[in-house]
Each structure stands twice: as C-alpha cells, then as structure tokens.
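Chemist: sequence-free structure coming up:
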C-alpha cells in the first residue's frame, strides 16, 4: 500500500465546493511517516546503504569521492543498472530470468558483427538489429514459460547455457570482434559539452516539474489525496538541485594527460530507459496488469487479465533491456569477446534489483530500484577495486548486502497490512 493509499484509507475528507480540503505539509508528512513504519520504506534503505558505502570507502581511500572516480562510477554502473532494470520486469511478475547476462552478450555480438567494415551496416541499423534479436529471445523464452508452463528458473537457466554457447560459436577462434564505428564507441566514452549538459538538465527538470505540478494539482482539485503545493515545489527544487550537482560534477575537468569533461552520453541512455519504463509501468494499463499479476495471479485472471500475454511481454521487455545493456557493454570495451562473464552479470542484475527495493515475491518494485541497486553494486565493485581487494572479497561483500536487502524486504512484508 502506497502513501496515497494510506492517505485514502486512513483519512477521508468530505469534498467542499472547491474540492477536498487541502492537507497541510505536517499532516502529509505524518501520514508518510506512518506508512514507512508500516513497511512502506520505498527507496530509503538503498539510499541509506549507498551513503553508508560511500562514507566507508571515502574513509578508507580519499580517491573514492573525487570527480574522476565518481563519473567513472556512473559509467561503470550503467550496465549493472540496465540489467537490473531488465530484471525488474520479471521479478514484478514473481518470475526470474537467469539468462540476461548472455542475452546482453548476444545483443553485443549482433551489434559488433553487423558494424564490421566488411559487413557495412550503419550504426543505427546494427543497434536496431541487436535489440530485435534480444527481444526475439525474450519472446521465445517467455512463450516456453507461459504457453507450455515450464518454470522460468529452468527455461532461463537453459537460456544462460544456450546463449553462452551461441556466443562462443559465433565468435569462433578469434574470440573477439572489434567495434570500429565512432558513433557506437561514443555511446560509453562520448560526453556532452558543458553548455549542452546544462541545457539538457534544465529541459529535463522543467518537463519533470510541469508533469509533477500538474499531476498533484489535478489530484487536489479532484478531491484526491495529494501533497500540498509547498511539498510539490520542494520536490521540484530537489530535482533541480540534484541535476545541478550532477552537471557540476560532470563538467569538472577529470583528465590526466588531457582535459576531459562533460556529462557522459551513457548517463542519458540510462536516464532515458528509466523514464520510458517508469512511464510504462506507472502510467499505462500494461503496468497495472504487471503489478496485478505479480501481486495475485489468480485474482488477476478472474478480473479478465490475459496472464500468458502479460508474462510473455514481461520477458520480452526484460531481454530487450538486456540488449541495451549489451550495447553499452560493447561500446565501453570497444569490442565483444568470449571473456564476457554473463554468469556474474546476471547475479549482479538480480542483486541490483533486489538491493534497490524490488521484491523477490512479486508485485512490488519500481524501475528506479534497478538504477539505485546498480549504483550500489558498482560502488562496492569500484571501492573495493581502489582498495586492492580480490574478486573473492567483492563477491562476499555483495552477497552480504544482498542478504541484508532481502531480509529488509521480508521483515517489511510482515509489517504491511494484508
């Protein structure tokens, strides 16, 4: 139950001639606090965890919070965040996809193969083909799960092995394919100019502010629970402050041998995917159906929802997003090779989604949880790399953080009303 649901159930206000009475900021914050105590913690645990991780690593290594490392952390987190967002779609349905790591690899292989000079596809066509190929993989696996009734764990585990084999077969003896297209390589390495960064940020915050203000204003005039105007303005101001800090961070010179500055393109890619998928799950009927199926599949079936179609589309979108992650991965390395560790990537994808706040039990979570969880995973990997820890230590720490996140989710479920 969300904050607004809590408001609706706990405090119904009779409408007047101008609509419902407007709640004060104190009343709204009080209801929000009661909702948090009732188990609706939202993104607070993962934000607190991210701050804690940052403080710990900065105290151990003074380079962690430097401009260069923080921007590098955003680039490093892009693949993890995209894969975690992919996993959110199936976790919301109460399913799991263990193949996303190598599905991303297939997308990268298709991209790199078609973009070779001897093949000669333009960069946009190579990207489109890679995304179509990964979406087709999701359609295939989703159909096996929903039409035949096979467990998603078994089908996607088979997919993990099968697509790994396909990658090895396609790459052959050479073991890698170089990407020589400048546009494709710029996805992960290119940056906006300083002025363009500010312009993009102001436009994005402006659009966000208009949408949020109109949404809350409509709810207030319609007599529906909504935060008072002062809190809406504070939310928009917080978004502006966060955007300004991001641009100031990105525009600082972080070069060693030559000046390097500007917001990386890959950050815009992640934010773009976040906005589109958040709109799909939060504002469209498909998103409502996804939450309904994940929350109570039998009730959703009796309400007339086509369970097979929704679940299949969930796996298609999962694999499609994994394809975007594969493109970013290949762009960052400027190649794709048999060294891609799809097994680790899928573990990080599931861990990122769950650490961010998406429930393993289905029906609860948001796309932004994947982004925040991906940042936590990248921060742990980055910080321990700076400190010289081994890969074994990174896995142990990530596992502990994952278990803590699942424990928080399980405890919060007990506190929520039925």
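Modeler: Happy to help now that I have it. Since this is a predicted model, take the numbers as computed values, not measurements. Numbering: from 1, shown residues only.
Chemist: rounded to a whole number, what's the mean pLDDT of the helix or strand containing residue 266?
Modeler: Here residue 266 sits within helix 265-283, counting by DSSP states H and E. Mean pLDDT, computed over helix 265-283, is 93.
Chemist: With stretch 368-381 instead?
Modeler: What stretch 368-381 shows for mean pLDDT is 91.
Chemist: And for stretch 326-337?
Modeler: pLDDT averaged over stretch 326-337 gives 94.
Chemist: Can you give me the buried ones in that stretch?
Modeler: 326, 327, 328, 329, 330, 331, 332, 333, 335, 336, 337 (16 or more other CB atoms under 10 Å). Any C-beta I mention is one placed from the backbone N, CA and C, and that applies to glycine too.
Chemist: Just to check, residue 212 is in contact with residue 232?
Modeler: Yes - counting by CB atoms under 8 Å, residue 212 does reach residue 232; the two are 6.2 Å apart.
Chemist: So which of those two has more stuff around it?
Modeler: For residue 212 versus residue 232, neighbours defined as other CB atoms under 10 Å are more numerous around residue 232 (19 against 16).
Chemist: For the more buried one, which non-adjacent residue is closest in space?
Modeler: Among residues not flanking residue 232 along the chain, residue 216 sits closest, at 4.6 Å (CB to CB, 6 or more residues apart in numbering).
Chemist: before we move on, back to that, I'd like to know which elements the helix holding residue 266 is packed against.
Modeler: helix 67-92, helix 182-189, helix 285-295, helix 307-333, helix 367-386 (3 or more CB pairs under 8 Å, 6 or more residues apart in numbering; DSSP states H and E).
Chemist: Which residue ranges of this protein form strands?
Modeler: With DSSP state E, the ranges of strands along the chain come out as 176-178, 335-337.
Chemist: Just put these in JSON lines and tack on distance to residue 387.
Modeler: Shown next, in JSON lines, are the strands of the chain (distance: least, CB to CB, whole Å):
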{"stretch": "strand 176-178", "distance to residue 387": "30"}
{"stretch": "strand 335-337", "distance to residue 387": "28"}
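Chemist: among those, which is nearest residue 344?
Modeler: strand 335-337 (14.9 Å; CB to CB).
Chemist: on contacts alone, who are the packing partners of the closest one?
Modeler: Packed next to strand 335-337, using 3+ CB pairs under 8 Å, 6+ apart, are helix 100-114, strand 176-178, helix 307-333.
Chemist: which of these sits most buried?
Modeler: Neighbour counts (mean count of other CB atoms under 10 Å) averaged over each of those peak at helix 100-114, with a mean of 28.
Chemist: I'd like the average pLDDT over that one.
Modeler: Helix 100-114 shows an average pLDDT of 95 in the prediction.
Chemist: again, but for stretch 197-211
Modeler: 93.
Chemist: List the contacts of it.
Modeler: Stretch 197-211 is contacted from outside by 192, 236, 239-240, 243-244, 246-247, 250-251, 262-263, 268, 271, using CB atoms under 8 Å, 6 or more residues apart in numbering.
Chemist: one more time with 7 Å, if that's ok
Modeler: Residues from elsewhere that reach stretch 197-211 (CB atoms under 7 Å, 6 or more residues apart in numbering): 192, 236, 239, 240, 243, 247, 250, 251, 262, 263.
Chemist: Would you mind listing the two of those residues that lie farthest apart?
Modeler: Largest separation among these by CB to CB: 236 and 262, giving 25.3 Å.
Chemist: more neighbours, the two?
Modeler: Using other CB under 10 Å as the criterion, residue 236 and residue 262 rank with residue 262 on top: 21 against 18.
Chemist: Now that one: closest residue in space, sequence neighbours ignored.
Modeler: Nearest non-adjacent residue to residue 262, counting by CB to CB, 6+ apart: residue 191, 3.1 Å away.
Chemist: unless I'm mixing things up, residue 164 is touching residue 104, no?
Modeler: No - Residue 164 sits out of contact with residue 104 when judged by CB atoms under 7 Å, with a separation of 11.5 Å.
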